[in-house]
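Engineer: structure for this input, please:
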Amino acid sequence: MVRGQAVHLDKRTDCLTSYRWQIAKVPLCLLVAVSALFGFFLASPRYFPQAPIVFSGVLLLACGGASLNSYQEYRLDRLLARTRNRPLARGLITPGAALLQARILLLLGLSILYLGSTGQGPFWIGALSIVLYNFVYTPLKYRSIWALVPGALCGALPPLIGWLAGGGGIASPVILTLVVLFAVWQMPHFWLVVLDNREDYQRGVLPSMIKLMPERSLRLLSAVWVTALVTIMHLLIIQLNHLPAISRWSVSISGLLMGIYFAMKMCVRTRPDYRLLFMLLNGFMFLLMILLSLGSISGR
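Structural biologist: Predicted structure coming up:
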């Protein structure tokens, strides 16, 4: 009997841990932390051992913001087919527990950025990202499609956190281009989610581009933004002429191929696989970060 109770307790603990990971959106936050590490490596840091500090600080901060967002939106999540099975929406974890988790993670993340960085820039940009995400974007998304603007800016700040932690200057053309690149990427990234769940957004309570224009028009708009993304990417790699040519050419060629394929799929009459294009777009950005980071490290 005791052994059975212990097994049951272990399973319950494992489930609770899984729920906490889900409300913290850990896979997404790992990508956010990688983007901060990308900015750190591009800054050609003098203190390479600080990289794990930047990564862990941004990861905890992002998980804290995601946990707070899960708490803020659990009632709305119940209304959408895409989100109604999330732990908070199903009542598998209490709102109070989610809020406590958010507070702890936010405190840890900000503390690491404050104590582990050589300057205060990473701390203040990290705090700004939470303000934009949880207290500007999240409430505004219930009222206007323009909530995407602060949302896109928030998604562009992690590379800036890493850049500043690595000793880069805030007025550098490289980091300004990088911030614009990540901000532009956010737009088709979100629109692909909308297109893949178009019925949900058409019937839902949130303002959405899919309610304002035909599906085909939103597809064409997404293709235009991806074209802009590829263009800005080339502006970035031109500025990074100190990196090995193999890294820059690999990013350039893969970006052109991705952009052409994306435009072809979005401009055809038949409905494309939006989830595949979503994975392709995000996979390309991950590849860009890996190749340019490796190029920066090897060129040091």
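
Engineer: distance between the longest helix along the chain and the chain's centre?
Structural biologist: Ordering each helix of the chain by length in residues (DSSP state H) puts helix 51-77 first. Distance, stretch centre to chain centre, for helix 51-77: 11 Å (Cα atoms, centre = their mean, to the nearest Å).

Engineer: I'd like the next helix or strand past that helix.
Structural biologist: Using DSSP states H and E, the helix or strand that follows helix 51-77 towards the C-terminus is helix 87-90.

Engineer: now that next one: buried residues?
Structural biologist: Using 16 or more other Cβ atoms under 10 Å as the burial criterion, the residues of helix 87-90 that qualify are 87-89. C-beta coordinates here come from the backbone N, C-alpha and C atoms, glycine included.

Engineer: and if you look at stretch 64-72?
Structural biologist: Residues 64-72 are the ones in stretch 64-72 that count as buried (16+ other Cβ under 10 Å).

Engineer: shouldn't S144 be in contact with P207?
Structural biologist: Yes: between S144 and P207 there is a contact at 5.7 Å, judged by Cβ atoms under 8 Å.

Engineer: if we can go back for a sec, in a markdown table: the buried residues of helix 87-90, plus pLDDT and distance to R248.
Structural biologist: Formatted as a markdown table, the buried residues of helix 87-90 follow (pLDDT from 0 to 100; distance: Cβ to Cβ, whole Å):
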| residue | pLDDT | distance to R248 |
| --- | --- | --- |
| P87 | 91 | 43 |
| L88 | 91 | 44 |
| A89 | 89 | 44 |
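
Engineer: would you format those residues as CSV with distance to S44 included?
Structural biologist: Formatted as CSV, the entries for the buried residues of helix 87-90 read as follows, by distance: Cβ to Cβ, whole Å:
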residue, distance to S44
P87, 42
L88, 42
A89, 45
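
Engineer: near R75, how many other residues are there?
Structural biologist: Number of residues near R75 (other Cβ atoms under 10 Å) recorded here: 10.

Engineer: and it, how close does it get to G91?
Structural biologist: Using Cβ to Cβ, to the nearest Å, R75 is found at 12 Å from G91.

Engineer: go on, R20?
Structural biologist: Computed as Cβ to Cβ, the R20 to G91 distance reads 15 Å.

Engineer: and I104, by the same measure?
Structural biologist: As judged by Cβ to Cβ, I104 and G91 stand 22 Å apart.

Engineer: neighbour count for S144 and P207, which is higher?
Structural biologist: A side-by-side neighbour count of S144 and P207, using other Cβ under 10 Å, places P207 first with 16 against 11.

Engineer: check the secondary structure at that one for me.
Structural biologist: The three-state assignment at P207 reads coil, by DSSP: H, G, I helix; E, B strand; the rest coil.
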